[in-house]
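*Asks:* Give me a 3D structure for the following:
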Amino acid sequence: MLKRIITVLVAFPVAILLVTLAVINRHEVRMVLDPFKPKAPSVAVDLPFYFYLFGAMLLGVLIGGVAVWMGQGRWRKTARVRAQEVRRWQAEANRLTKERDAQVMASSSNNNLALTHR
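*Replies:* The predicted structure follows:
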């Protein structure tokens, strides 16, 4: 519950800030994609400035997420290897438990047979 309250206390002001940026920066801005003719470009895009701001933030989040994901690759590999080891050792423990139970049952039935023959 405390985590949710802290998230709301942080997310709400950030959302207000982003909406304020969008309202203040709603004028059209031309992005020229032709470096050789900046006065009369063959490729240009006219969009509100906040679109570029949000696009840059989104691109930064995506690039950061990919970088973190790639950086944690060795830990994911270690976790996969350890999970395989756990499954192998668990199967071994189950097999040994079954063998022990079978031996106990066999020795128990042998003891019962020996007692009945006396």
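*Asks:* Mind telling me what element the residue nearest to the spatial centre of the chain is part of?
*Replies:* Per CA atoms, centre = their mean, the C-alpha nearest to the average position across the chain is that of residue 69, at 7.6 Å. When secondary structure is defined by DSSP states H and E, residue 69 falls within helix 49-71.
*Asks:* Of all the helix elements in this protein, which one is longest?
*Replies:* Longest helix in the chain by number of residues, with DSSP state H as the criterion: helix 73-117.
*Asks:* tell me the angle it makes with helix 49-71.
*Replies:* The directions of helix 73-117 and helix 49-71 differ by 50 degrees, with axes from the mean of the first three to the mean of the last three CA atoms, to 10 degrees as the criterion.
*Asks:* next one: phi and psi at residue 31?
*Replies:* Listed backbone geometry of residue 31 is phi -100, psi 120, with angles given as degrees, to the nearest 10.
*Asks:* check contacts around it.
*Replies:* Residues in contact with residue 31, defined by CB atoms under 8 Å, 6 or more residues apart in numbering, are 44-47, 52. For glycine as for every other residue, the C-beta is placed from the backbone atoms N, C-alpha and C.
*Asks:* if we go to 6 Å?
*Replies:* Contacts were defined as CB atoms under 6 Å, 6 or more residues apart in numbering; by that measure residue 31 touches residue 45.
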